[in-house]
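1. Here is my input; please provide its structure:
(chains A and B)
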Amino acid sequence: KAGVTQTPRYLIKTRGQQVTLSCSPISGHRSVSWYQQTPGQGLQFLFEYFSETQRNKGNFPGRFSGRQFSNSRSEMNVSTLELGDSALYLCASSGGQTAGYEQYFGPGTRLTVT
Amino acid sequence: AQSVSQHNHHVILSEAASLELGCNYSYGGTVNLFWYVQYPGQHLQLLLKYFSGDPLVKGIKGFEAEFIKSKFSFNLRKPSVQWSDTAEYFCAVTHHSGGSYIPTFGRGTSLIVHP
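-> Reported below is the predicted structural model:
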């Protein structure tokens, strides 16, 4: 079975721009979660999608948004980028109905904001 | 809000030494507990998990963890570490809320094992 894939793997953007990241979950997994990973903060939960609906949302500003398509693929968007948004963005899929079950992580997208 | 504390941010050991990484969480209700590992250049992957039952759980590569409900702890242990255990270790807790589970991760512990 193919694992979780994320595109692009690396991205460099300028302050004020917006960015869209993509995640394809493991086949059959319907729950997709997004995390921001930074050296100082570890993994911070952004949001979870299940069956195209946002089920949970972490404590991030509205500039961070996401969506999920009918094939369970998910995208996250960050608008008006700030320097502090530089991080590794991880996507995780779960075969259970929620992120309460074990999650399978992708390689991440490394976003650098200059 | 739920929080997860990993007390050791950086641990350096020699091969064959014993390992114990601490993890404490704040939520008082029913939780699911996980340890994930991130080897250099690789994806985060599940090391072990606890949902219910025997509080001593065994994972891959000789790791085990003990859930102590009264202490809100889920410490990770390995009797004898190897150089290949060098990695970042994350404790994670999910609790049930509003029909789904909310995940919270600790900040991670960087383990370096010297050969």
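
2. What residues are bridge-paired with the closest residue to chain A within chain B?
-> Residue nearest to chain A within chain B: B:Tyr101 (2.6 Å; C-beta to the nearest C-beta). Every C-beta, even on glycine, is put in place using the N, C-alpha and C of the backbone. On the basis of DSSP bridges, B:Tyr101 is bridged to B:His96.

3. Would you check that it makes contact with B:Thr94?
-> Yes. Taking C-beta atoms under 8 Å as the definition, B:Tyr101 is a contact partner of B:Thr94 at 4.1 Å.

4. Now B:Pro79. Nearest residue, chain neighbours left out?
-> B:Ser18 (5.4 Å; C-beta to C-beta, 6 or more residues apart in numbering or on different chains).

5. Residue numbers of chain B in contact with chain A?
-> B:1, B:32, B:34, B:36, B:43-46, B:49, B:90, B:92, B:94, B:96-108 (C-beta under 8 Å from any C-beta of the partner chain).

6. In the chain, where is pLDDT below threshold?
-> No chain in the question, so chain A it is. Scanning chain A for pLDDT under 70 picks out A:1, A:96-100.

7. you looked at the wrong chain, it should be chain B
-> B:1, B:98-99.

8. Name the residue closest to the centre of chain A, please.
-> Relative to the mean C-alpha position of chain A, the nearest C-alpha, by C-alpha atoms, centre = their mean, is the one of A:Trp34, at 3.1 Å.

9. element containing that residue, please.
-> Using DSSP states H and E, A:Trp34 sits in strand A:31-38.

10. The helix or strand just after that strand near chain B at all?
-> Heading C-terminal from strand A:31-38, the first helix or strand you meet, by DSSP H and E, is strand A:42-50. Yes. Strand A:42-50 is in contact with chain B by C-beta under 8 Å from any C-beta, via A:Gly42, A:Leu43, A:Gln44, A:Phe45, A:Glu48, A:Phe50.
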